[in-house]
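A.B. asks: Following is a predicted model, sequence given first.
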Amino acid sequence: MNVNLVRGSLINYEVYDETEGSERLLGTASIDLPELEPLSTDLKGAGILGEVSQSIIGHYSAMTVTIHWRTIHTDLTEFAAPFGHKLTFRGAIQNYDSGQNIVKVAPVKITVTGMPNKTSLGKFEPGEQTDSETELGITYLKIEVDGSELVELDQFNYICRINGTDYLADTRDAVGR
């Protein structure tokens, strides 16, 4: 347990297109990471006072990743192609250990796979970036920080692991997977 660790900020990051190999993408300005919003259902009836919203274990609303590009180029149009893409975002997080009075760097790796939802070409304005965007609808997400797996969600293979707990193991067994 890191009681003295003060969480810091992202020092920097790189994006790699892993679809057909590890190719670094140089034109990104920023990345909007997905939101984890559990699917839920409302329960009402005998024994329940009113209505209760209950999350469905391991099931999440549609997730997206948005890549913000500085300009229009082939990386942008490549991700408009209608097939599955695999991306890895690698970053360095800066934390401060107040007990030892030192800065520590923790690697963060986020892997996603998905299909293009939309491509925005952005705008033309002299002397400015085009602010082009690619949105991918993702079906796989894995988050690793400092060598530990924090999240793995695979919507087609009944996988929902969060902080080492496999929340869909019983469901896979129940449906014969």
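C.D. replies: It's in. Numbers count the residues shown, from 1 in each chain.
A.B. asks: how many neighbours does G21 have?
C.D. replies: Number of residues near G21 (other CB atoms under 10 Å) recorded here: 7. All C-beta atoms are positioned from the backbone trio N, CA, C, and that covers glycine.
A.B. asks: what do you get for S22?
C.D. replies: Going by other CB under 10 Å, the residues that sit close to S22 add up to 9.
A.B. asks: And D170, by the same measure?
C.D. replies: 11.
A.B. asks: next one: L168
C.D. replies: With other CB under 10 Å as criterion, L168 counts 20.
A.B. asks: same question, G147
C.D. replies: G147: 8 neighbours (other CB under 10 Å).
A.B. asks: which residue packs closest to it, ignoring adjacent ones?
C.D. replies: P107 (7.5 Å; CB to CB, 6 or more residues apart in numbering).
A.B. asks: Just read off the phi/psi values of the residue lying farthest from the centre of the chain.
C.D. replies: Distance to the chain centre peaks in the chain at A46, reaching 39.5 Å (criterion: CA atoms, centre = their mean). Dihedral angles of A46 (phi, psi; degrees, to the nearest 10) stand at phi -60, psi 130.
A.B. asks: helices and strands of the chain: which one bottoms out on pLDDT?
C.D. replies: The least trusted helix or strand in the chain, going by mean pLDDT, DSSP states H and E, turns out to be strand 23-25, with a mean of 84.
A.B. asks: elements contacting it?
C.D. replies: Where contact means 3 or more CB pairs under 8 Å, 6 or more residues apart in numbering; DSSP states H and E, strand 23-25 is packed against strand 5-17.
A.B. asks: Just the CA trace of the strand it packs on, in PDB.
C.D. replies: Output of strand 5-17 as PDB, limited to C-alpha atoms (Å, rounded to 0.1, in the frame of the first residue of the first chain):
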ATOM      1  CA  LEU A   5       2.100   8.300  -2.700                       C
ATOM      2  CA  VAL A   6       0.600  11.500  -4.000                       C
ATOM      3  CA  ARG A   7      -1.000  10.800  -7.400                       C
ATOM      4  CA  GLY A   8       0.300  13.300 -10.000                       C
ATOM      5  CA  SER A   9      -0.200  13.700 -13.700                       C
ATOM      6  CA  LEU A  10       0.500  12.200 -17.000                       C
ATOM      7  CA  ILE A  11       4.000  13.300 -18.100                       C
ATOM      8  CA  ASN A  12       3.400  12.300 -21.800                       C
ATOM      9  CA  TYR A  13       2.100   9.500 -23.900                       C
ATOM     10  CA  GLU A  14       2.500   7.700 -27.300                       C
ATOM     11  CA  VAL A  15      -0.100   6.000 -29.500                       C
ATOM     12  CA  TYR A  16       0.600   2.800 -31.300                       C
ATOM     13  CA  ASP A  17      -1.400   1.200 -34.100                       C
END
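A.B. asks: Kind regards, and thank you for your time.
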